[in-house]
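Q: Pasted the sequence and its predicted model underneath.
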Amino acid sequence: MGSIKVILIASAILFLSHLRDIAQGNTPSGAAGQSVTIVEGHTVTMHADATDAASFQWLKDGNAISGATQNSYVASTSGKYQVLSVNLGNCGSMVSDPVTVNVIPASASDDMMISLTAPATTINSSDPFTYTITIKNNGAITATGVNVADILPAGVQFLQLSTPSTGSANYNNTTKNISWTVGQLAPGEEATITVTVKPTSPGTITNTATVSADQTDPNPANNTATAINTATGLTIPNVFTPNGDNVNDAFVILGLELYPENELTIINRWGAIVYQKKGYQNNWDGSGLNEGTYFYFLKVHTTAQKWETYHGYITLLRTKVK
């Protein structure tokens with residue numbers, strides 16, 4: 001007889017890095033060096049694919065398994081499994097390529113991870129910003145009963161909650177609690193949701209989100225994530241009108257007095273610097289410049305002893321409105 005293949009045809013709970021389709025109910029053909037991981041207390045069924053076979057013998061770690069003479073074998077313990085077959089002419093096949101079965105403890109069945117990010121560490125207190133919450137199952141089996149909780153800090157106002165990539169979510173205006181019911185999350189699977197908020201006052205904003213599941217998590221340290229941001233209190237206009245009417249005649253950045261150590265640079269549309277000042281005092285009136293749009297670059301030295309940068313466009317208009 002020729003060679004014989006082993007096909008994995010069923011598994012109660014498994015994680016197979018290169019044959020993940022088994023966990024979705026599909027049946028791949030046998031391949032050299034297959035490896036499957038199951039949770040303690042569960043099994044994987046292997047089937048011998050042979051032509052004109054009259055009998056079989058399964059082996060574990062090179063030794064014959066007593067009574068394992070059918071074309072299928074159910075394994076529940078770690079080891080390397082192989083099979084050979086014999087036809088009616090008493091001709092034996094070559095031993096199949098091994099299937100390595102690994103058994104992991106039931107207590108280490110999943111590993112949920114969460115991350116919480118914002119677009120920048122420093123935020124203008126007049127501008128909305130968005131938190132992104134991402135969770136991932138780093139474990140070996142599907143996590144069930146997955147939930148995420150995020151109680152928004154006092155320093156922000158809730159604006160919008162996106163539709164999550166998986167599950168459903170809602171916001172409680174009284175408790176400021178975001179509750180995201182994810183449900184199941186397969187090994188390696190990720191899910192994401194975003195939350196848009198606006199600072200209510202200058203200062204440090206600390207937000208913490210947590211993820212939980214039905215299974216015992218072997219690494220609880222990554223079940224919590226925190227984002228720390230600073231609302232600067234700066235309000236930067238996008239237009240000013242230096243026309244001599246004493247209204248909006250200078251480029252005034254509200255809140256800049258809180259950051260006396262600063263530097264402002266104004267650039268025209270050709271990339272040339274037309275104004276630059278260290279310790280800017282809200283007094284630039286665009287003298288000598290034509291009407292139009294200019295690019296500003298502002299640096300401020302914060303109380304945390306760090307330089308934070310802001311940039312954008314400012315439009316200079318001199319025409320008086322009648």
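A: Nice, thanks for sending it over.
Q: how many neighbours does Asn172 have?
A: If you count neighbours by other CB atoms under 10 Å, Asn172 ends up with 12. From N, CA and C alone the C-beta is placed, and that goes for glycine too.
Q: list the contacts for it?
A: By CB atoms under 8 Å, 6 or more residues apart in numbering, Asn172 lies in contact with 178-179.
Q: I'd like the distance between it and Phe158.
A: 10 Å (CB to CB, to the nearest Å).
Q: Check Val86 too.
A: Remark: distance between Val86 and Phe158 (CB to CB) = 71 Å.
Q: Mind listing residues that contact the helix or strand containing Val86?
A: Using DSSP states H and E, Val86 falls within strand 79-87. Contact partners of strand 79-87, identified using CB under 8 Å, 6+ apart, comprise 1, 4, 6, 46, 48, 50, 52-62, 73, 75, 92-101.
Q: Buried residues, it. List them.
A: Neighbour-count burial for strand 79-87, counted by 16 or more other CB atoms under 10 Å, picks out 79, 81-86.
Q: chain center to that strand: distance?
A: With CA atoms, centre = their mean, to the nearest Å as the basis, strand 79-87 stands 43 Å off its chain's centre.
Q: could you point out which element follows that strand?
A: Counting by DSSP H and E, the next helix or strand C-terminal to strand 79-87 is strand 99-104.
Q: Residues in contact with that next one: which ones?
A: Strand 99-104 is contacted by residues 6, 8, 30, 33-40, 44, 46, 75-82, 140 when judged by CB under 8 Å, 6+ apart.
Q: Alpha carbons of that strand, as CSV, please.
A: Extracted C-alpha coordinates of strand 99-104, given in CSV (Å, rounded to 0.1, in the frame of the first residue of the first chain):
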residue,chain,number,x,y,z
VAL,A,99,-0.4,15.4,14.1
THR,A,100,0.8,17.1,17.2
VAL,A,101,-1.9,17.7,19.9
ASN,A,102,-1.2,20.2,22.6
VAL,A,103,-3.5,20.6,25.6
ILE,A,104,-3.7,23.9,27.5
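Q: quick one: contacts for Gly203?
A: Counted by CB under 8 Å, 6+ apart, Gly203 has contacts 155, 230-231.
Q: Could I get the buried residues of strand 79-87 in a markdown table, plus columns for pLDDT and distance to Gly292?
A: As requested, the buried residues of strand 79-87 are exported to a markdown table (pLDDT from 0 to 100; distance: CB to CB, whole Å):
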| residue | pLDDT | distance to Gly292 |
| --- | --- | --- |
| Gly79 | 95 | 77 |
| Tyr81 | 94 | 76 |
| Gln82 | 92 | 79 |
| Val83 | 91 | 80 |
| Leu84 | 89 | 84 |
| Ser85 | 88 | 85 |
| Val86 | 85 | 90 |
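Q: ok, which pair from those residues is furthest apart?
A: Gly79 and Val86 (22.6 Å; CB to CB).
Q: Could you check how far Ala221 is from Asp111?
A: 10 Å.
Q: same question, Asn243
A: 63 Å.
Q: When the two are compared, which one has more neighbours?
A: It is Asp111, of Asn243 and Asp111, that has more neighbours when counted by other CB under 10 Å, with 20 against 16.
Q: so that one makes contact with Asp217?
A: Yes. Taking CB atoms under 8 Å as the definition, Asp111 is a contact partner of Asp217 at 6.1 Å.
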